[in-house]
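Q: my questions are about this predicted structure, shown below with the sequence.
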Amino acid sequence: MVQSLPLLLSVATLLLSLELHRIDAFAPSSLNPSTRCVASTIISRHQNRDNFAILSSHHDSKSDDESPGSKSTTATRRSILQSTAISLITLSSNPQSTPASISLNPFKSSETPQSFTPSKRCTAYLIDSTIPPSLIPYRARREAAILKNLGMGKGTSKAPLLQDEINLNNFMNKAVFGVIDNTKLAVESVVGNSNKNDNSNEKAASSSFVFLGANFDGESPTAMGNVNADGELAVSLMKDICRPRERDGNTAIGLAFAPVTAQNALDAYIASSKDEAAALDNLKTALKEAGANESLIERHIPILQFAHDKHFPLLALSPDPIDLQTLQKGGLQSLDPAKRDYYVADTNGFISLTQDPKFKLYTEKSLLKDFVPSSTTLSEEQYKNEQANYFAERILVHEAGATGIARWASSRPDSLVITVASIPDVRFMGGMNGRVGRVYGKLLSEGGGNDSNVVEVDEDAVTTILLNPSAKETLSQSRFLRLEIGTAPTNWAYQTKIADYFWFSSMPKVNMLPRMMNEQ
């Protein structure tokens, strides 16, 4: 295209010459003989570049002197066309001065292209309890405050987040009912409220529980292939959560992967004060001998070291692997009654929970989704038997974990237990995180608490945080993270959100975050 530029300029010059001839035809009286021959003059200038500047200045001076005031418009137009022709001749007659970088594409930007910079997104998201649930991003400066509140035992409210601000839709409602409420308060301040509890100023102590769901596999987009990302993120969260309670001595860390038979080894590791490396090696050996997964042992090392540095007790929450094998073959009825009583402190609650419609929804939509039959050629009866044994194994694992947590917390008022478990064991609030409140209350009623001011915990005292979850880990069939189960009209009453928070090691992609609200 650049090589054909002189030809294009010559064609443009010819067209300008024809335009000048047309001006001469309509205004002949205003032109002198040299101007009428402008076309030939331009061509001669093109042929003789040496005299170009002299002819140009001579012609411009004559045009200015001879243009009458009544015909200034015609002369001005002729001067503009002549100047344009001179410029085109200059370009066409000097091809060596034309830049090689000239682009004839009007849509091509002359600016240097810059690399794509993605927008900044939050790494902490509250899963609000609306129907359906929505995501509320929290800025970095709010993250520490949220974790500090968890450490202070304030838990997480399960009520929908409402921004009760005055707007055009509610200002009349607030004006009317605000006056009524203020009148009631004024009357109560005068006559007193006879129904007011005399002990309302006393703060009842209760325990709080935080569950961190992590798979330690590095498959999440926000983990970016780092298998240690979940462990590092868990430690960073625990540092902020435990800071308000470091001096109280009533904080423990639960390990869902550690068999109960390794509890003595965990206690010995926390009590060791010399040669931490040797103590850690001894603990790893004891966990392997107890049947713990070797890969999970390595992934939990940052958490173990954090607990050792803070002298926080470690709780082994998983049943003995031998007992789990027994369940896989024969179900709950095949388990030794003494061991079953140890794992299940609230027998009646454990049995009645399986009949709860909300738990049935959890079982269908989450628990049984991870069931994998031993063979693809099983008969229907064999398939059902294996599925039933798998169901018995998982509910015992969840109940045993909740019982271990509640046993430790029920004897310590205002305690805090942070439990690290796999995402399938805590998602949709149906695993050990959905059982701990019931078991805790059962133990308190049997005299497990040593303080008369201790009260049972409610669901707000239990907080669940999923670390670096992927769409697959939330049972989503798309790229978006799944936020709830129970979306059909028949089970809206039992709709359950997946967790209280999503927490990521790095900024998640936009196509992972559904129904996102404004930042807080």
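A: Received it, and whenever you're ready, just let me know what you need. Numbers count the residues shown, from 1 in each chain.

Q: residues in contact with the closest residue in space to Ser478 that isn't next to it in sequence?
A: If the residues on either side of it in the chain are set aside, Ser478 comes closest to Ala471, at 6.5 Å by Cβ to Cβ, 6 or more residues apart in numbering. All C-beta atoms are positioned from the backbone trio N, CA, C, and that covers glycine. By Cβ atoms under 8 Å, 6 or more residues apart in numbering, the contact list for Ala471 reads Ser478, Arg479, Phe480, Leu481, Arg482, Met512.

Q: go with 10 Å
A: Listed by Cβ atoms under 10 Å, 6 or more residues apart in numbering, the contact set of Ala471 reads Ser220, Pro221, Gln477, Ser478, Arg479, Phe480, Leu481, Arg482, Asn511, Met512, Pro514.

Q: tell me the secondary structure for the last one?
A: Classification of Pro514 into helix, strand or coil gives coil, according to DSSP: H, G, I helix; E, B strand; the rest coil.

Q: what's around it, how many residues?
A: By the criterion of other Cβ atoms under 10 Å, Pro514 has 17 neighbours.

Q: now do the same end-to-end measure for stretch 128-144.
A: The separation between the terminal residues of stretch 128-144, taken as Cα to Cα, to the nearest Å, is 19 Å.

Q: any figure for the gap between the residue nearest to Ser478 and Trp503?
A: Counting by Cβ to Cβ, to the nearest Å, the gap between Ala471 and Trp503 amounts to 16 Å.

Q: where exactly do the helices run in the stretch 351-500 of the chain?
A: 357-365, 380-410, 436-445 (DSSP state H, counting those that start in this stretch).

Q: so which of these gets nearest Phe257?
A: Phe257 sits nearest to helix 380-410 of all the helices of the stretch 351-500 of the chain, at 10.3 Å, using Cβ to Cβ.

Q: any regions of the chain where pLDDT drops low?
A: The model of the chain has pLDDT under 70 over residues 1-14, 16-114, 116-119, 162-205, 246-248, 448-456.

Q: so which of the contacts of Ala471 is the closest to Tyr362?
A: Arg482 (13.4 Å).

Q: what about that closest one, how many neighbours?
A: So Arg482, with other Cβ under 10 Å, has 23 neighbours.

Q: CA atoms only: put the longest strand along the chain into CSV for me.
A: Longest strand in the chain, counting residues (DSSP state E): strand 251-259. These are the backbone C-alpha positions of strand 251-259, laid out as CSV (Å, rounded to 0.1, in the frame of the first residue of the first chain):
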residue,chain,number,x,y,z
THR,A,251,-8.8,-22.4,71.9
ALA,A,252,-8.4,-25.7,70.1
ILE,A,253,-7.8,-26.9,66.5
GLY,A,254,-9.7,-29.9,65.3
LEU,A,255,-8.2,-32.2,62.6
ALA,A,256,-10.9,-34.2,60.7
PHE,A,257,-8.3,-36.4,59.0
ALA,A,258,-6.6,-37.6,62.2
PRO,A,259,-7.8,-40.9,63.7
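
Q: in it, what counts as buried?
A: Neighbour counts over strand 251-259 (16 or more other Cβ atoms under 10 Å) mark Thr251, Ala252, Ile253, Gly254, Leu255, Ala256, Phe257, Ala258, Pro259 as buried.

Q: for the helix or strand where Leu266 lies, which positions count as buried?
A: Assigned by DSSP states H and E, Leu266 belongs to helix 263-271. For helix 263-271, the buried set under the neighbour-count rule, 16+ other Cβ under 10 Å, comprises Gln263, Ala265, Leu266, Tyr269, Ile270.

Q: what sits up against that helix?
A: With Cβ under 10 Å, 6+ apart as the test, helix 263-271 has contacts from 252-253, 255, 258, 262, 276, 279-280, 282-287, 289-290, 304-305, 307-308, 310-317, 404.

Q: this structure: strands as residue ranges?
A: Counting by DSSP E, the chain has these strands, from start to end: 124-128, 134-138, 208-213, 251-259, 314-318, 416-421, 462-467, 484-485, 496-497, 501-503.

Q: what's the closest of these to Ser379?
A: Within the strands of the chain, the stretch nearest Ser379 is strand 484-485; the backing value is 29.7 Å (Cβ to Cβ).

Q: could you name the helices and strands sitting against the closest one?
A: When contacts are defined as 3 or more Cβ pairs under 10 Å, 6 or more residues apart in numbering; DSSP states H and E, strand 484-485 sits against helix 357-365, strand 496-497.

Q: between helix 380-410 and the longest one, find me the angle.
A: What it means is helix 357-365. 130 degrees (axes from the mean of the first three to the mean of the last three Cα atoms, to 10 degrees).

Q: can you list the buried residues in helix 357-365?
A: Buried-residue list, helix 357-365, by 16+ other Cβ under 10 Å: Lys358, Phe359, Leu361, Tyr362, Thr363, Lys365.

Q: other SSEs contacting it?
A: Packing partners of helix 357-365 (3+ Cβ pairs under 10 Å, 6+ apart): helix 347-353, helix 380-410, strand 484-485, strand 496-497.

Q: could you rerun that using 6 Å?
A: Packed against helix 357-365 by the contact rule (3 or more Cβ pairs under 6 Å, 6 or more residues apart in numbering; DSSP states H and E) you find no helix or strand.

Q: next one: the shortest one
A: If contacts are counted by 3+ Cβ pairs under 6 Å, 6+ apart, strand 496-497 sits against no helix or strand.

Q: please repeat the previous calculation with a cut-off of 10 Å.
A: So strand 496-497, by 3+ Cβ pairs under 10 Å, 6+ apart, packs with helix 357-365, strand 484-485.

Q: note down every partner strand of that strand and its orientation.
A: Each strand that pairs with strand 496-497, with its direction, by DSSP bridges: strand 484-485 (antiparallel).

Q: so which residues make contact with the strand it pairs with?
A: 127, 129-133, 358, 361-362, 364-366, 427-430, 474-475, 491, 494-498.

Q: among those residues, name the buried ones.
A: Buried members of those, counted by 16+ other Cβ under 10 Å: 127, 129-130, 133, 358, 361-362, 365-366, 427-430, 474-475, 491, 495-498.

Q: for Val436, which non-adjacent residue is spatially closest?
A: Here the residue nearest Val436, using Cβ to Cβ, 6+ apart, is Ala402, at 4.3 Å.
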